[in-house]
Structures are given as C-alpha cells and as structure tokens.
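Participant: how would this look folded up:
(one chain, ligands or ions: 1)
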Amino acid sequence: MNILNHKDHDKKILHIGFDDTDSTNGRCTTHLAYLLADILIKKFKVNFIDFPLLIRLNPNIPLKTRGNGAVCLRIKGKEYEKIKEETIHFIENYSDLENGANPGLAFYEKNVISNDLISLSRNAMDMVLSRQIAEKIARKNNIKYYLFKKGYGLVGALAAIGCTLNKDHTYETIAYRKKVNIGTTRKIDEYKVKKLNDESFPFTFNNIDFRKNRILIAPHGPDPVFCGIRGEDPITTSLFFKNLQIDEELDGHMIFRSNQGTNLHLTNERRLSKILPFTSGIINCQVITKPIIIQGGHIIFYVKDYFNDILPVAVYEPTRLTKVAALLEIDDKIEIGYGAHIKSNNVKTLNLEYLLIKELKEIIYFKNPKCEKCGKKTKSEGKNKGFQCPLCKNKIKNVSKIAIKKNRDLKCGLYIPDPIAHRHLTKPLYRYNNEKKYNKKYISDLLKNTRWISKNSGGLI
Ligand code: ATP
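Facilitator: Predicted coordinates:
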C-alpha cells in the first residue's frame, strides 16, 4: 500500500522504527524520538513526510513497561547511511540498557509499506508475537535491523513502521522537561486544565477524570515527559498546551500522530476456546451466571459464545463498570472488549475493557395476589389450593400467582471505563461514530503548516 503517494519516486522514504528503549526507572521512547527528530532535521536537513508516529500496541502483553508505545519516523533526505549510523549510536547510548530496556531498531527504505509489515502491525495490536517472527519478516523485507540486549523492541519497531494509520487516528502534543527537573513534582494549574478541557471539548480527550477529580495529562514518574495533550488535531492539542502557561522551563515539545483512543486493539473476534492469554479482542456472548462481587469490589461472571465455549469475565473496580456489570442477568446478550489474562488459579479470564449490552433478558417473577378485602398480601394455601389473607382470613380460590416483569434498572447500550482506567488505546465515548477519515493531503498540509517540533535548547523549527 502506497500510503505516502510521493511524486519523487526515485528518492526512497526512510522509515525508522524503534521501541523498548526505556525502563520503569526512567527515559521514554517518545523522548528519544523527539531528540532524534531534532538531530535529523538540524544535522541532516531531512524532510518529515508524516508526523512522528506514536503507535500503541497490544496493552495486555506482559513485556510492556508502561503503555506499550513504539515510534516510527518517516523521512526523506540524503546521507541515509550516515543517518542510520547516527541513529544506531543514539539508540545505544540513550536507551536504559542497564535497567531492563531491550531495544529494537529497524530501517525500511521504501515508498510502499509491504503487506507483511501491515499484517505484522495489525497482529501486534492484539496478539503476542515473538522476536523470531519479527526477524523473519525483517529479513524477508530487506529491512536492516539492530537488536540491543534481548532485542524485544524489534516487534514494536516493525509494528510502528507497518502501522499506516490510514483510518481513524488522533494526535498528541507531548512536552518534555529539562534534565535538571526530571524527578521533581510537575506543577500544573488544575483550574486551567479544567477550563481548557471544557473549551476544547470534544477536540481533546482524557485530560481529566471528573469522578476522581484527577488531572490525567501528566505522568507521575521520573520520566522526561512533562505532559501530553491528546486530541483530534495538532492545532488544538498544541493550543491547549500553550495556554496551560506552564511555569517550569521546559525543553520543548513534539506532536505525534497516533492510534491512541482508536480501539485498534479491539477489532478481532475469536471464539472463546481459541482466545490465547495476553491477547485482546471482542466477543459476542451470553451471560450464563449471575455476577458475583469478589474481594476488592471486583465482579466475576461467566459467559458462553455461539459455540457454547465458556470463560469467566472479570470487571475491575477502578473501571467503574462494576455497577453496571452487577446488574447483568443470566441470558443477557452482550458484546465485550477484553484483555485475556491468566489468573493465579491458572484460569484464563477476560478482563472487561468495554461492555455493550445488546439484549436484556426479560425477567418475570411471581407474587401472591393481594387480599380483595383488606389489601394485605395473601399467603399460599398450597399448590392449586388458593390463597388466604393472614389478617382478615379471607380466602381466594381459582386465582393464580401474578406475573411481574422485573425492572432491570439497566439499559441496552455501550458502557466504557472511567478515563482514569483507560488504556492508551481505549476509545473515549464521544469518539464513537466520530472516527476520523484519513486524508493524505490534509495531513501533509497540517505537517507543513504546524510547528510540530520545538526544542528550546536547539531553537525552533
Ligand atoms: P512506553 O513506555 O513507550 O509507553 P512501554 O515502555 O510500556 O512503552 P516497552 O518498553 O516498549 O513498553 O516494552 C514493550 C515490549 O513489548 C517491546 O519490546 C515491544 O517490541 C514488545 N511488544 C509490543 N507489542 C508486542 C506484541 N504484540 N507481541 C510481542 N511483543 C510486543
């Protein structure tokens, strides 16, 4: 697929993919991308033919440090060999190799993204892939790749290159701290965040969790990210960031195009018996047990699919979907988005990521009739023997119990977690039916007309 439609076909696009450069102790793959992009522009005078891409992959794999994000830079320029050399050194020197980073780096020189890469990328959204598979695809596609330490990052590196983002997509403006400030508390004016959130709705998302009254734009760890504003277009996200008027002197910022907020990991449906641990997906099913509340306020219930395969579903309290899930009844028809995990008792369990209630089972229960004389509830005299009022002793014959339709207190429809429990890929409610169409020309104009990277220490671009 020729995503980039470049007229100048003899100059090939160089796609640089990398992943797994950070650790829980610090650093960040997007920060590395920001530093590298700055060098590529200033030193090698390259043209970016797309925004830097921040691609989130299967959020349910055990390997990830935090948000399972990988990066791809698509550039055109000269001196590709020198660029590659510099990039290799950069990844080697910047990555947190001592603390568990296992970087992978890939260079793909083509204007057209091969089907192999596109399908690897699709699979990396919801399955668990091996480094060996990634290496095989890299070799088949003439991709130069480099592995550091265990090199797990190659999966992410190739998946980022193969993610054409030619359907729904979002943007994030990420601001980076100066080295001296890393590790200190981030000071952000909550009032401003709330105001800007209101003003920019629905063009930015996940800025605040209103129920917990928590600001979500900033991480808390010792990484170089100061904050990130996510939204529908790079102009709005950057304006939001600018209007925050941060007191701390920042190093700069960069705008990424991304699959965040698109549910790209929740697209494939597999029968329950074929679901593998640590995969993500959707399933249409029927509730077969009443939900029970377990320790911590979480909920468990069982579902069966069209093939009568059965699995438990877990709903975690922080998602706040427990209140809705608790009201489900046997035979309700639902669709769920899930992440498959193995629980301590070795049972495969689907962690609920969204709940779509499609059909509520009508529940009928039976009540004894009321006494016609005094209105008190009667008591049954035994099977087919009628009823008697416990108060006035009036007997009622030839009347059966009254059928009552249970009020389900629940509506069909879509329920998603509170923002605080969102994965990076979780699609916010307002984005449903507002997914973006891909418009190559529009994106390329945006790229030309947006100051998508700004690095204070090196001047603006
Ligand atoms: P970030 O901090 O940038 O949000 P992360 O730190 O959580 O992301 P990484 O450190 O990049 O995650 O680690 C994730 C690792 O898992 C990488 O090595 C990546 O290549 C690998 N990976 C990602 N998706 C898959 C997948 N679907 N199957 C197998 N490995 C994967």
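Participant: all helices of the stretch 151-300 of the chain, in order?
Facilitator: Remark: helices assigned in the stretch 151-300 of the chain by DSSP state H, counting those that start in this stretch are 153-162, 190-200, 234-243.
Participant: how many neighbours does the nearest residue to Ile342 once chain neighbours are set aside have?
Facilitator: In space, not counting the residues next to it along the chain, Ile342 is nearest to Pro277; the distance is 4.9 Å by CB to CB, 6 or more residues apart in numbering. All C-beta spots, glycine's among them, are computed from the backbone N, C-alpha and C. Using other CB atoms under 10 Å, Pro277 is surrounded by 14 other residues.
Participant: and if you look at Gly296?
Facilitator: Gly296 has 9 neighbouring residues, counting by other CB under 10 Å.
Participant: ok, it to the ligand distance?
Facilitator: As judged by CB to the nearest ligand atom, to the nearest Å, Gly296 and the ligand stand 24 Å apart.
Participant: that residue against Val315, yeah?
Facilitator: No. Using CB atoms under 8 Å, Gly296 is not in contact with Val315; the gap is 11.1 Å.
Participant: Pro252 and the ligand: what is the separation?
Facilitator: Wrong residue type there; residue 252 is Gly, not Pro. Counting by CB to the nearest ligand atom - Gly252 and the ligand are separated by 18 Å.
Participant: what does stretch 445-461 contact?
Facilitator: Contacts with stretch 445-461, where a contact means CB atoms under 8 Å, 6 or more residues apart in numbering, come from 34, 37-38, 41-42, 48-52, 233-235, 238, 249-255.
Participant: what's the most buried one of the helices of the stretch 151-300 of the chain?
Facilitator: Per residue and on average, the most neighbours among those fall to helix 153-162, with a mean of 31 (mean count of other CB atoms under 10 Å).
Participant: can you tell me the average pLDDT over that one?
Facilitator: Taken as a whole, helix 153-162 has a mean pLDDT of 98.
Participant: flag every residue of this protein that's near the ligand.
Facilitator: By CB under 6 Å from any ligand atom, the residues of the chain that approach the ligand are 19-20, 22, 29, 57-58, 61, 63-69, 102, 104, 124, 127-129, 152-153, 155-156.
Participant: and for Glu92, the neighbour number?
Facilitator: 14.
Participant: got the contact list for it?
Facilitator: 103, 148.
Participant: now with 10 Å?
Facilitator: 21, 103, 105, 146, 148 (CB atoms under 10 Å, 6 or more residues apart in numbering).
Participant: returning to that earlier point: just the buried ones from the contacts of stretch 445-461?
Facilitator: 34, 37-38, 41, 48-52, 233-235, 238, 250-255 (16 or more other CB atoms under 10 Å).
Participant: what's the local residue count around Ala33?
Facilitator: For Ala33, the count of nearby residues is 26 (other CB under 10 Å).
Participant: doesn't it lie inside a helix?
Facilitator: Yes. Counting by DSSP: H, G, I helix; E, B strand; the rest coil, Ala33 is located in a helix.
Participant: is the closest residue to it other than its chain neighbours bridged to anything, and to what?
Facilitator: In this structure, Ala33 finds its nearest non-sequential neighbour in Val71, 4.3 Å apart by CB to CB, 6+ apart. Per DSSP bridges, residues listed as beta-bridge partners of Val71: Phe18, Leu54.
Participant: ok, Val71 touching Asp22?
Facilitator: No. The criterion here is CB atoms under 10 Å, and Val71 misses it with Asp22 at 11.1 Å.
Participant: could you pull out the residues contacting both of Gly296 and Val315?
Facilitator: Thr322.
Participant: so how many other residues sit close to the residue in the stretch 251-400 of the chain that the ligand sits nearest to?
Facilitator: Nearest residue of the stretch 251-400 of the chain to the ligand: Phe278, at 8.2 Å (CB to the nearest ligand atom). Burial of Phe278 is recorded as 17 neighbouring residues (other CB under 10 Å).
Participant: could you check the pLDDT of it?
Facilitator: We have a pLDDT of 97 for Phe278.
Participant: swap in Ile143?
Facilitator: In this model, Ile143 carries a pLDDT of 98.
Participant: count the neighbours of it for me.
Facilitator: 24.
Participant: repeat for Glu86
Facilitator: Glu86 has 16 nearby residues by other CB under 10 Å.
Participant: and the residue found closest to it once you drop the neighbours it is linked to in the chain, how close does it get to Arg270?
Facilitator: Closest residue in space to Glu86, ignoring its immediate chain neighbours: Ile39 at 6.7 Å, by CB to CB, 6+ apart. Note on Ile39: its distance to Arg270, by CB to CB, to the nearest Å, is 43 Å.
Participant: whichever strand in the chain runs longest: which residues count as buried?
Facilitator: Longest among the strand segments of the chain by residue count, using DSSP state E, is strand 348-359. For strand 348-359, burial by neighbour count (16+ other CB under 10 Å) applies to 349-357.
Participant: now do stretch 18-28
Facilitator: Going by neighbour count (16+ other CB under 10 Å), the buried part of stretch 18-28 is 18-23, 27-28.
Participant: which one of those is nearest to the ligand?
Facilitator: Nearest to the ligand among the buried residues of stretch 18-28 is Asp20, at 3.4 Å by CB to the nearest ligand atom.
Participant: look up the closest residue to that closest one, ignoring the ones flanking it.
Facilitator: Of all residues not flanking Asp20 in the chain, Gly153 sits nearest, at 3.0 Å (CB to CB, 6+ apart).
Participant: check contacts around the one you found.
Facilitator: Gly153 makes contact with 17-22, 29, 63, 70, 91, 95, 101-106, 131, 134, 145-147, 160, according to CB under 10 Å, 6+ apart.
Participant: picking that back up, separation between the residue of the stretch 251-400 of the chain closest to the ligand and Gly100?
Facilitator: Counting by CB to CB - Phe278 and Gly100 are separated by 19 Å.
Participant: repeat that for Pro202.
Facilitator: 38 Å.
Participant: could you do Gly151 as well?
Facilitator: From Gly151 to Gly100 the distance is 13 Å (CB to CB).
Participant: follow-up on the earlier one: restricted to strands, list the buried ones among the contacts of stretch 445-461.
Facilitator: 48, 250-255.
Participant: go ahead and flag the most central residue of this protein.
Facilitator: The centre of the chain sits closest to Leu425, judged by CA atoms, centre = their mean, with a distance of 1.6 Å.
Participant: what about that one, which helix or strand?
Facilitator: When elements are assigned from DSSP states H and E, Leu425 belongs to no helix and no strand.
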